[in-house]
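**Student:** structure for the following, please:
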Amino acid sequence: TSDGTGETGEELSEIPALGIQISAVEANQGTAVFIGSEGEWVDAAARLGPLISNRNTLIRVHFTVDPGWVPREIQAQLKITRSDGTTKTFADTRMVAADSVPNTLTGGFYFGLVAEDGDVEAGTQFQVTLEEVDEASRDLAVGAGLLEGTWQTPREPGDLGIQPEPLQLKVVFVPFHHKFGSIDRITDTSEATIKLLTDAIYETNPTHELIWSVHEPMTWEYEMNSLGAVMGPMSALRENEQAFPNEYWAGLFPVPNGGVAGVAGIASVPGDGKGEGAQRVSVTALGNNPGGAANTVVHELGHTQGLAHVFCPFAEAASPDPAYPYQNGVIGQWGFGILSFQLYSPESFYDYMTYCGPSWVSTWSWDRNFYRIRTLTSWEGMSVGGEDQKLILIGSLASDGSEFWWTVRGSLPTQASPFGGTPQQLEFHAKGELISTRPSVVHVLNDFSTTWVMTELPESLERLEGIDTIVRVDSNQQAHPIAAQSVTLSARPLTITAN
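**Tutor:** So this is what the prediction gives:
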């Protein structure tokens, strides 16, 4: 700053520190992204993941000290230059006795970039320097034989690397009112519970804005044997309320022990197609431990963002992604909660797509979710029609033999389910006569007790007019008849536009 003081009012020094080497500069919006190393700028190709605009950001400076180090105060400075040429300088002065340690914020130098202050914008450049606090400190270092080393990173200001795209994550929480026999429970959607859920989602996803709402409770008047049973009705409700395809609907079912038949949550795994909105649904059992349920909500939301499971050795998850880079499912890099200010150890925390705990987000999941969120956010203000608004018949098949069928405007999945699914076909009958046979795409959901059968309908079958029976022919050539009148038909118009 022009008056020689930093943003915290500290007097700024301009005396390069001796005997201390900057080993890395880390930017952290949820997971560590190294932006400087050994005095050099780290370009986009070498970074572990993206940094996004308008999201509070932790900057950490890691360092080593030379042999013969003399403990003394050192001032770290972070200078940022915005795209309009304005600058800000932050200073952090602390006693340095040894190498930095990463497991606490005070184990090294750190700064906080605040989005509201315009600190986290595309085109911003940065440079970190380490300075002696005064001439007496420098004289002490010179007397000890310490030399100038990597006291600045990068050597010339480099691009902070903030992505310019707007990134929004839209979530609709759908509570349930369970009324069956003596059971009469409504999901807890108190302010405290919803805050646990929204904080967990926001901290672990690369978004600058989480837009959420709580739907009116859905009534469930049946025995609850499988969370997958409510997925179909919830998707049908989503369809007939004309939800835009970039909304994620997260069901919250009231279960005191937080699980049903050993399952805490279930989700579909859609691709990034605009016509796959009907599959962006999940359900979590919300019991007496909403904090634990928050982790499950994040996990199931990850599935609806296209993520597969991640392997860990203590709780086997089906069909893990073989490309996950960190052994045993640990997060591999330091995590940071921008709301809680908590650090998460790379070797003690597991990626939230494992079944192990405690969990946090890895750079792997962060990077993949960035591209999915960017794609869905880009649909804002656009209309959906044509190839993305074909009529799709979906059947949800539960392990107890029950089925729920509904139609949606959309498209068939653009990617296979990581949990498998064997093709089946549907026959459409009218007064005993076979009218049409259609192939189906089959997705097994992540509880392996629920299967979705999806078929594109031609215009001639759009309202199933004249059809009295639909016969599902499974992979064993077994026939399963369904009354056509039991299908919940879509009320969505041919074209919709984002709000």
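
**Student:** and the helices in the stretch 151-300 of the chain?
**Tutor:** When secondary structure is read from DSSP state H, counting those that start in this stretch, the stretch 151-300 of the chain shows helices at 191-203, 231-240, 290-304.

**Student:** buried residues in the second one?
**Tutor:** Meaning helix 231-240. 231, 232, 233, 234, 235, 236, 237, 238, 239 (16 or more other C-beta atoms under 10 Å). Glycine gets a C-beta too; all of them are placed from N, C-alpha and C.

**Student:** now the residues you listed in a markdown table, with distance to residue 17?
**Tutor:** Formatted as a markdown table, the buried residues of helix 231-240 follow (distance: C-beta to C-beta, whole Å):
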| residue | distance to residue 17 |
| --- | --- |
| 231 | 59 |
| 232 | 63 |
| 233 | 64 |
| 234 | 59 |
| 235 | 59 |
| 236 | 64 |
| 237 | 62 |
| 238 | 58 |
| 239 | 62 |
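
**Student:** between those, which is closest to residue 155?
**Tutor:** residue 238 (53.1 Å; C-beta to C-beta).

**Student:** for the closest one, which non-adjacent residue is spatially closest?
**Tutor:** Sequence neighbours aside, residue 249 is the residue nearest to residue 238 in space, at 5.0 Å (criterion: C-beta to C-beta, 6 or more residues apart in numbering).

**Student:** next up, the contacts around the residue nearest to residue 442 when sequence neighbours are not counted.
**Tutor:** Distance criterion C-beta to C-beta, 6+ apart; nearest residue to residue 442, sequence neighbours excluded, is residue 421 at 3.5 Å. Residues in contact with residue 421 (C-beta atoms under 8 Å, 6 or more residues apart in numbering) are 441, 442, 443, 444, 451.

**Student:** is the first one bridged to anything, and to what?
**Tutor:** The one in question is residue 441. residue 454 (DSSP bridges).

**Student:** what distance do you get for it to residue 451?
**Tutor:** 11 Å (C-beta to C-beta, to the nearest Å).

**Student:** between the two, which has more neighbouring residues?
**Tutor:** residue 451 (23 against 18; other C-beta atoms under 10 Å).

**Student:** give me the neighbour count for the residue nearest to residue 389 when sequence neighbours are not counted.
**Tutor:** Leaving out its chain neighbours, the residue that sits closest to residue 389 by C-beta to C-beta, 6+ apart is residue 409, at 4.5 Å. By the criterion of other C-beta under 10 Å, residue 409 has 24 neighbours.

**Student:** phi and psi next, for residue 409.
**Tutor:** The phi and psi torsions at residue 409 (degrees, to the nearest 10) take the values phi -90, psi 120.

**Student:** got the contact list for it?
**Tutor:** Applying C-beta under 8 Å, 6+ apart, the residues near residue 409 are 239, 275, 389, 390, 391, 392, 490, 492, 494.

**Student:** which stretches in the stretch 101-250 of the chain count as strands?
**Tutor:** Assigned by DSSP state E, counting those that start in this stretch, the strands in the stretch 101-250 of the chain fall at 109-113, 125-132, 152-159, 162-163, 168-180, 183-186, 209-214, 218-220, 247-254.

**Student:** any chance of those strands in CSV with mean neighbour count as columns?
**Tutor:** Supplementary listing: the strands of the stretch 101-250 of the chain in CSV, determined by neighbours: other C-beta atoms under 10 Å:
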stretch, mean neighbour count
strand 109-113, 22
strand 125-132, 22
strand 152-159, 17
strand 162-163, 19
strand 168-180, 20
strand 183-186, 13
strand 209-214, 14
strand 218-220, 17
strand 247-254, 25
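
**Student:** point me to the helix or strand that includes the nearest residue to residue 112 once chain neighbours are set aside.
**Tutor:** Leaving out its chain neighbours, the residue that sits closest to residue 112 by C-beta to C-beta, 6+ apart is residue 58, at 6.2 Å. Per DSSP states H and E: residue 58 is located in strand 57-65.

**Student:** pull out the buried positions in that strand.
**Tutor:** 57, 58, 59, 60, 61, 62, 63, 65.
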